[in-house]
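S.K.: Test case, fold it:
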Amino acid sequence: MDAKNETPFVETVDTSYLETLVGYNARRAALVVIENFLTRMAVYDLRIVDFSVLSLITHNPGITSRQLCSQLNILAPNLVSMVNVLEKRKLIVRRPHPHDGRAMGLHITPEGLAMMEKAEKTAHQLEMDSTSRLSAAERKTLLLLLKKVYK
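M.R.: Numbering: from 1, shown residues only. The predicted structure follows:
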């Protein structure tokens, strides 16, 4: 069989073009971090979005559902069911908003706060582990650059 008709065989995959793309690299990095996150947050029964919602409620007592949707780019119907679940788990409570009679403010409960203190420490450690090959300055630069992409 002559060389023109042979099926090529790839021994080493050339990813050089893909590695020039921000999206490709961001996705590869995200997959590593997300896998670690899901594994370590299983003990708290938290998905990424649950953790994000609870973190915002923890650090912004009285935040409204509308504010959460805006900050996390969540559709309102999806947030409603999530808030209901978090409330049933006794992690958050709803209270009337002091300035908007139509809105309810979301507040972390003592049980929710105790869990989030542990969960945020876990999140911090998994971030350190996932970026262990970066210096503190590189980690800071990476965060600044990523924020420039989406803000």
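
S.K.: and the residue sitting nearest the centre point of the chain, what does it touch?
M.R.: Among the residues of the chain, the one closest to the centroid is residue 48, at 4.6 Å (CA atoms, centre = their mean). The contact partners of residue 48, by CB atoms under 8 Å, 6 or more residues apart in numbering, come to 34, 37-38, 41. From N, CA and C alone the C-beta is placed, and that goes for glycine too.

S.K.: how far away is it from residue 126?
M.R.: 12 Å (CB to CB, to the nearest Å).

S.K.: Show me whatever sits in contact with both of the two.
M.R.: Shared contacts of residue 48 and residue 126 (CB under 8 Å, 6+ apart): residue 37.

S.K.: can you give me the helices in this protein?
M.R.: In the chain, helices defined by DSSP state H lie at 22-41, 48-59, 65-72, 76-88, 110-130, 136-150, listed in chain order.

S.K.: mind giving me JSON lines with the ones you listed and columns for mean pLDDT and distance to residue 9?
M.R.: Listed next are the helices of the chain as JSON lines, based on pLDDT from 0 to 100; distance: least, CB to CB, whole Å:
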{"stretch": "helix 22-41", "mean pLDDT": "95", "distance to residue 9": "24"}
{"stretch": "helix 48-59", "mean pLDDT": "97", "distance to residue 9": "40"}
{"stretch": "helix 65-72", "mean pLDDT": "95", "distance to residue 9": "46"}
{"stretch": "helix 76-88", "mean pLDDT": "95", "distance to residue 9": "47"}
{"stretch": "helix 110-130", "mean pLDDT": "97", "distance to residue 9": "35"}
{"stretch": "helix 136-150", "mean pLDDT": "95", "distance to residue 9": "37"}
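
S.K.: So which of those helices is the most surrounded?
M.R.: Using mean count of other CB atoms under 10 Å, the stretch among those with the greatest mean number of neighbours is helix 48-59 (a mean of 18).

S.K.: Check the offset of it from the chain's centre.
M.R.: Its chain's average C-alpha position is 9 Å from that of helix 48-59, according to CA atoms, centre = their mean, to the nearest Å.

S.K.: same question, stretch 112-127
M.R.: 13 Å.

S.K.: go on, stretch 52-63?
M.R.: For stretch 52-63, the distance from its own C-alpha centre to the chain's C-alpha centre is 14 Å (CA atoms, centre = their mean).

S.K.: Alright, I will stop here.
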